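In: okay, predicted coordinates and the sequence, questions at the end:
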Amino acid sequence: MKIFTTIALSGLLLVGCALFNHAVAQQKDNTLSKKEKKQGWQLLFDGTTTTGWHSFNKPQLGSAWNVEDGAFHLGKKENRDAGGDAITNEVFGDFELKLEWKISPNGNSGIMFLVKEDPKYKYAHYTGPEMQVLDNNGHPDAKIIKHRAGDLYDLITSKPENVKPAGEWNSVKIKLENAQLELWQNGVKVVSTTLWDDNWNKMVAGSKFKDLEDFAKFKSGHIVLQDHGNEVWYKNIKIRKL
């Protein structure tokens with residue numbers, strides 16, 4: 001009986017240790033692992049401050065952008081000037097970007113890249129392509145093809161469609177290398193295309209961006225989180241230059 005008891009206790013101890021080690025191995029939000037640091041990843045959001053960001057064409061970040069429970073949060077605005085698209089201080093060329101987002105019910109936002117900041121551009125989307133962030137079940141934009149969550153906005157429909165409902169976290173990866181663009185959502189590649197070739201130029205010419213002379217023309221630019229007037233949360237925002 002003592003032998004069996006000892007074996008049983010040993011088994012429970014091993015299971016307990018395994019569970020503990022798994023819990024320890026779970027990476028905390030808004031941090032970099034040793035492997036990520038070695039690979040050249042850098043945090044764009046540290047989970048406690050909004051350092052490294054400002055509002056598009058403004059010297060500082062709008063007051064509606066804040067930190068809430070470890071997330072970069074766009075809250076409700078007292079006035080129009082309180083928000084604005086949040087833009088990185090730093091500029092990136094070829095890159096791999098990872099983050100997580102969740103949207104408020106009926107909400108709309110977006111992740112833009114290759115954005116040129118200049119007073120002659122009224123909005124960030126005048127130059128930067130966008131991966132759509134949306135409540136597909138509540139926002140009217142979801143009725144428009146190429147305007148749903150995960151889409152390369154107004155250019156390419158994401159396939160498969162695997163977005164989670166409003167209030168739930170979605171993971172994203174955007175990779176641009178040697179003009180090859182990939183959009184990943186919740187661990188699945190949903191868009192793949194080549195920038196700046198004939199097919200790309202035709203797509204842009206057939207989109208709402210056709211009259212924007214400098215749309216997607218820059219080979220490097222800022223990362224932007226869009227203020228579309230709705231509450232949205234971002235976390236684990238990290239990037240590496242390729």
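Out: Nice, thanks for sending it over. Residues are numbered from 1 along each chain as shown.
In: state the distance from F45 to Y121.
Out: From F45 across to Y121, the span is 24 Å (C-beta to C-beta, to the nearest Å). Bear in mind the C-beta positions are built from the backbone N, C-alpha and C, glycine included.
In: any idea how far G128 is from L114?
Out: When distance is defined by C-beta to C-beta, L114 is 5 Å away from G128.
In: who touches both of these two?
Out: With contacts taken as C-beta atoms under 8 Å, 6 or more residues apart in numbering, L114 and G128 have A216, G221 as neighbours in common.
In: the more surrounded of the two?
Out: G128 (28 against 24; other C-beta atoms under 10 Å).
In: mind listing what that one touches?
Out: Remark: with contacts taken as C-beta under 8 Å, 6+ apart, G128 is in contact with M112, F113, L114, V115, K116, A216, G221, H222, V224.
In: output the residues you listed in a markdown table; the columns should cover pLDDT, secondary structure and distance to Q27.
Out: Below are these laid out as a markdown table (pLDDT from 0 to 100; DSSP: H, G, I helix; E, B strand; the rest coil; distance: C-beta to C-beta, whole Å):
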| residue | pLDDT | secondary structure | distance to Q27 |
| --- | --- | --- | --- |
| M112 | 99 | strand | 27 |
| F113 | 98 | strand | 24 |
| L114 | 98 | strand | 29 |
| V115 | 98 | strand | 29 |
| K116 | 98 | coil | 34 |
| A216 | 98 | coil | 33 |
| G221 | 98 | strand | 29 |
| H222 | 98 | strand | 27 |
| V224 | 98 | strand | 26 |
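In: identify, from those, the entry nearest to N66.
Out: Nearest to N66 among the contacts of G128 is V224, at 17.5 Å by C-beta to C-beta.
In: for the closest one, name its beta-bridge partners.
Out: Beta-bridge pairing of V224 under DSSP bridges involves I87, M112.
In: count of residues packed around it?
Out: Neighbour tally, V224, other C-beta under 10 Å: 26.
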